[in-house]
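Q: Show me the folded form of this:
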Amino acid sequence: MDKENPEAFYKRLREQLGESTTWPSNYLYKFIVQSIPEKVDQIHKVFDNTGAVIELKESKNGKYTSVSITVNMKNPDAVIEKYKEVGKVEGVISL
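A: The predicted model follows:
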């Protein structure tokens with residue numbers, strides 16, 4: 001993600017998602033976060049009650065956790081809203 005100008009990044013993402021996908025559609029989010037249970041739980045909470053399938057995989061040394069989330073989203077704006085919510089978790093990297 002473009003840390004200098006997140007709005008430009010989200011605008012470009014919104015356009016790409018609108019052109020490439022028929023909505024509603026399943027969307028795959030991928031995040032990396034330190035392997036601290038509270039941080040992983042914060043990401044889980046963003047997707048509570050959405051029917052999301054969440055897969056966790058720790059790095060080889062256990063320092064980081066990869067979080068893959070597949071969830072049915074209604075439109076590009078809903079996808080971006082979740083990115084913004086997860087972005088509030090300190091140290092999370094969106095892929």
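
Q: May I ask which helix or strand encompasses the residue nearest in space to the middle of the chain?
A: Note on the chain: the residue nearest the mean C-alpha position is residue 29, at 4.2 Å, using Cα atoms, centre = their mean. For residue 29, the element it lies in under DSSP states H and E is strand 25-34.

Q: what comes into contact with that strand?
A: Residues from elsewhere that reach strand 25-34, judged by Cβ atoms under 8 Å, 6 or more residues apart in numbering: 21, 39-40, 43, 63-73, 79, 82-83, 86, 89, 91-95. From N, CA and C alone the C-beta is placed, and that goes for glycine too.

Q: What of stretch 62-69?
A: Under Cβ under 8 Å, 6+ apart, the answer for stretch 62-69 is 28-35, 40, 43, 47, 52-59.

Q: Quick one: the strands in the chain, in order.
A: All strands of the chain, identified by DSSP state E, fall at 25-34, 53-58, 64-73, 93-94.

Q: Out of those, which is the most enclosed?
A: Comparing these by mean neighbour count (mean count of other Cβ atoms under 10 Å), strand 64-73 ranks first with a mean of 18.

Q: Cheers, nothing more for now.
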